[in-house]
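In: What would the 3D arrangement of this be:
(chains A, B, C and D)
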There are 2 protein chains.
Amino acid sequence: MSLKQSGKADIVDVARAAKVSASTVSRCFNHPELVNPATRKKIDRAIARLGYIRNRAAQAMHGKRSGTIGLIVPTINHAIFAEVVQSFSDSVEEAGFTILMTSHGYDLDREYDVLRKLLEHRVDGIALIGLEHSEKTYTLIAQQDVPCVAIWNHDAASRVSCVGAENFAAGRMAAEHILGLGHREVGMIFPQTAGNDRAQDRLDGAWSVLDEQGITVPEAWRLESPYSVAMAKAAVEELWRSGARPTALICGNDVIAQGAVYAALKLGVRVPEDLSIVGIGNFKGSLEMEPALTTVHIPAQDIGRIAGEEIVKSVASDAPEITRVRCDVELVLRATTRAIAGR
Amino acid sequence: MSLKQSGKADIVDVARAAKVSASTVSRCFNHPELVNPATRKKIDRAIARLGYIRNRAAQAMHGKRSGTIGLIVPTINHAIFAEVVQSFSDSVEEAGFTILMTSHGYDLDREYDVLRKLLEHRVDGIALIGLEHSEKTYTLIAQQDVPCVAIWNHDAASRVSCVGAENFAAGRMAAEHILGLGHREVGMIFPQTAGNDRAQDRLDGAWSVLDEQGITVPEAWRLESPYSVAMAKAAVEELWRSGARPTALICGNDVIAQGAVYAALKLGVRVPEDLSIVGIGNFKGSLEMEPALTTVHIPAQDIGRIAGEEIVKSVASDAPEITRVRCDVELVLRATTRAIAGR
DNA sequence: CGCTTTTATGAAAACATTTGCAATACTATT
DNA sequence: AATAGTATTGCAAATGTTTTCATAAAAGCG
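Out: Numbering: from 1, shown residues only, chains lettered A, B, ... in the order given. Coordinates of the predicted model:
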């Protein structure tokens, strides 16, 4: 009769069933080398029989690790985040952690709220995307001093550890490539930059090159488009119909660039003969599309994996320090750009 | 100094700082209407001053909800899962839950392991993808009787609640469309079906139509391709080079279909004039690509959202019962299919 | 002004586990 | 056989919170 309802067994039920004390059962999980193999076998049998599953919540109360890493992303519904999230997740799971994930839809106030929630769950570490966060967010992280890594951006002066690429350099690289091909009439399509330092940095990088070479871009050729193939496609079509005829388009990311390519296909504009298009990101699909997209490669998988390793390292260490890892970007020449005619 | 190190405050520190008892502070969080507004204000100030963050682990020990929902996916690195995960996540966060997410890479044994881990964290509910799971997995869920919802597939005889489309119907729909256009020489490209009931059901659905109409597909025209545009593209190229000349291709999902379209573009095969291609899924990007992909729409967003609502409902109820929601699939006619010439 | 309700608070038990310490039982050594 | 280790186990305290119950203060009422 001491057998409780299934699915409700706790450690003392197991202890009773195995005729040992609760301490021994606990030790059996946490320091198996301290318990007699014979006893261990008895306990294992009892555990299996009762279907006992230990309670991490109760463990976490003892100042032990909770075994979770909090991950805060703007959204997972973007190819690029999915990729980085997956490799980050694999990386921390490897070390036995589970991911507690939330998203905030590019709202920095909501980011603060979800961070608090993650801390309520006593995550052992926090990973977030980018380095632009509200002051409250940074303060909270510092005050709770929970290990933290920012994924996606690199900045030598970051307030927390970071693993990422220099988006500024990526922006420069895209612009340099286009100008190097002789283009002077260039359009730009970038996502909204508020609350998105990745996009902002890329844009700044591109501008810096344009400025250096004395290229000006008419106001009407600076497009803003959300992260959506359809919207970018529409934006470019609109631009064309307005009579604009740039010879090249610098796109803030590959999704936008894909939209631009499709718009050109639809408008009968030949890529790259009439219009060169360069993206940033090198997303899955950019290689396979026809024509294959020229883009600046950002090593999302490496970034996710390394970020995972870093956070695990910080969690394990008792005096974690800020580390910064820079992953290099690289221009990938494919079929959507070419030197301007007559050059 | 009774002021502890920052970031370490617990409920009794707050109580001390506010000159009340711990019980009152606790009540302040859980039943604010029971505490005097003036006291509440004092407590709020103390909380802010000490940077106190409540400990869900300790709450969870009281048989209270942990406030987390476990989500087990094969991988997030696929457009389609990213979409469903995002809407599921939004949906449960709306109700105040946080997602504890793990992936298993299509390995059903690993799925069981991560399920156990999720249960150790005392998730309030479990969501998993598809209805094909190991016996151990089903047993564990039943034994622990934790609310559970299977996302993505619908089956009237499912052992757990489910929200999804009938993949069998989707497969039939794709095949019916192709045969309805007069095609008799058809190839099929599907992902591996082991451990992937979604793909298996679609394939079975397509076969059932083919069989009914007495169409046979040569062994060499039944391709298997992973979920990758590049691999599918290569597979179709290979098929073509081997001399095969089907007039239509039924693809197990849109990613494969995209690969097929790109392969055709590359090979100079005109779509849809020489080759009709139909996908399943209607992923983001399928509409915008040129030519736009004809496909069977599976409402991923609705599925994710509804699944979220269902799991929240089950968690709230104390006698949850199995519910099954079927989301209808729908053929979306676009530009990659047409009636066979001479018809 | 005494009596009954109502409102606000605190004390202590409970939750499921870990761990330091002490006790017991073996084993090896002389 | 006595001694000193060593291996194994149990007891009890501790962890941070919620909740039940009890108490005190305030308010309503005739």
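In: contacts and neighbour counts: CA atoms only from here.
Out: Will do.
In: Which pLDDT value goes with residue A:65?
Out: We have a pLDDT of 90 for residue A:65.
In: I meant to write residue A:290 there.
Out: pLDDT, residue A:290: 85.
In: what's near enough to touch it?
Out: Contacts for residue A:290 (Cα atoms under 8 Å, 6 or more residues apart in numbering or on different chains) come out as B:262, B:265-266.
In: Phi and psi next, for it.
Out: phi -120, psi 120 (degrees, to the nearest 10).
In: residues from chain A in reach of DNA strand C?
Out: Selection of chain A residues close to DNA strand C by Cα under 7 Å from any atom of the strand yields A:10-12, A:22-27, A:29-30, A:53-56, A:58-59, A:62, A:64.
In: re the thing from before, of the contacts of residue A:290 - the most surrounded one?
Out: The most crowded member of the contacts of residue A:290, judged by other Cα atoms under 10 Å in any protein chain shown, is residue B:262 (28 neighbours).
In: quick check, that residue in a helix?
Out: Yes: when DSSP: H, G, I helix; E, B strand; the rest coil is applied, residue B:262 is found to be in a helix.
In: do you know how far it is from DNA strand C?
Out: 54 Å (Cα to the nearest atom of the strand, to the nearest Å).
In: Strands along the stretch 1-150 of chain A, start to end?
Out: Taking DSSP state E, counting those that start in this stretch as the criterion, the stretch 1-150 of chain A carries its strands at A:68-73, A:98-103, A:125-129, A:148-153.
In: May I see the ones you listed organised as CSV, with mean pLDDT and distance to DNA strand D added?
Out: Listed next are these as CSV, based on pLDDT from 0 to 100; distance: least, Cα to the nearest atom of the strand, whole Å:
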stretch, mean pLDDT, distance to DNA strand D
strand A:68-73, 97, 17
strand A:98-103, 95, 19
strand A:125-129, 97, 18
strand A:148-153, 96, 21
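In: possible to save those as JSON lines with mean neighbour count?
Out: Below are these laid out as JSON lines (neighbours: other Cα atoms under 10 Å in any protein chain shown):
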{"stretch": "strand A:68-73", "mean neighbour count": "26"}
{"stretch": "strand A:98-103", "mean neighbour count": "25"}
{"stretch": "strand A:125-129", "mean neighbour count": "24"}
{"stretch": "strand A:148-153", "mean neighbour count": "27"}
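In: how about those strands, which one is nearest residue B:76?
Out: strand A:98-103 (12.3 Å; Cα to Cα).
In: Just the residues contacting the closest one, thanks.
Out: A:67-76, A:89, A:92-93, A:111, A:114, A:118, A:123, B:89-90, B:98-102.
In: Also stretch A:25-34?
Out: So stretch A:25-34 is in contact with A:11, A:14-15, A:35, A:40, A:43, going by Cα under 8 Å, 6+ apart.
In: same deal with stretch A:306-313?
Out: A:87-89, A:91-92, A:95, A:125-127, A:147-151, A:162-163.
In: at 6 Å what do you get?
Out: Residues outside stretch A:306-313 that contact it (Cα atoms under 6 Å, 6 or more residues apart in numbering or on different chains): A:88, A:91-92, A:163.
In: Identify the farthest-apart pair in those.
Out: Within the contacts of stretch A:306-313, A:92 and A:163 form the most distant pair, 14.7 Å apart (Cα to Cα).
In: out of the two, which sits in the busier spot?
Out: Applying other Cα under 10 Å to residue A:92 and residue A:163 shows that residue A:163 carries more neighbours, namely 28 against 24.
In: If we ignore the residues flanking it in sequence, what's nearest the more buried one?
Out: residue A:325 (4.7 Å; Cα to Cα, 6 or more residues apart in numbering or on different chains).
In: my guess is that neighbour is in a strand, correct?
Out: Yes: per three-state DSSP, residue A:325 lies within a strand segment.
In: Please pick the buried ones from the residues of chain A next to DNA strand C.
Out: Among the residues of chain A next to DNA strand C, those classed as buried by neighbour count (16 or more other Cα atoms under 10 Å in any protein chain shown) are A:10-12, A:22, A:24-25, A:53-56, A:58-59.
In: Tell me the residues of the stretch 151-300 of chain A that contact chain B?
Out: Counting by Cα under 6 Å from any Cα of the partner chain, the residues of the stretch 151-300 of chain A close to chain B are A:230, A:288.
In: which residues in the stretch 1-150 of chain A form helices?
Out: Remark: helices assigned in the stretch 1-150 of chain A by DSSP state H, counting those that start in this stretch are A:11-18, A:22-30, A:37-50, A:56-60, A:79-94, A:108-120, A:135-143.
In: Mind giving me the packing neighbours of the fifth one?
Out: Meaning helix A:79-94. helix A:300-316 (3 or more Cα pairs under 6 Å, 6 or more residues apart in numbering or on different chains; DSSP states H and E).
In: Could I get the CA-only coordinates of the helix it packs on as CSV?
Out: These are the backbone C-alpha positions of helix A:300-316, laid out as CSV (Å, rounded to 0.1, in the frame of the first residue of the first chain):
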residue,chain,number,x,y,z
ALA,A,300,26.2,31.4,-38.3
GLN,A,301,27.0,27.8,-37.4
ASP,A,302,30.4,28.6,-36.0
ILE,A,303,29.1,31.5,-34.1
GLY,A,304,26.3,29.4,-32.5
ARG,A,305,28.6,26.6,-31.6
ILE,A,306,31.4,28.8,-30.2
ALA,A,307,28.8,30.9,-28.3
GLY,A,308,27.6,27.6,-26.8
GLU,A,309,31.0,26.6,-25.8
GLU,A,310,31.8,30.0,-24.3
ILE,A,311,28.6,30.1,-22.1
VAL,A,312,29.3,26.5,-20.9
LYS,A,313,32.8,27.5,-20.0
SER,A,314,31.6,30.6,-18.1
VAL,A,315,29.0,28.6,-16.2
ALA,A,316,31.6,26.1,-15.1
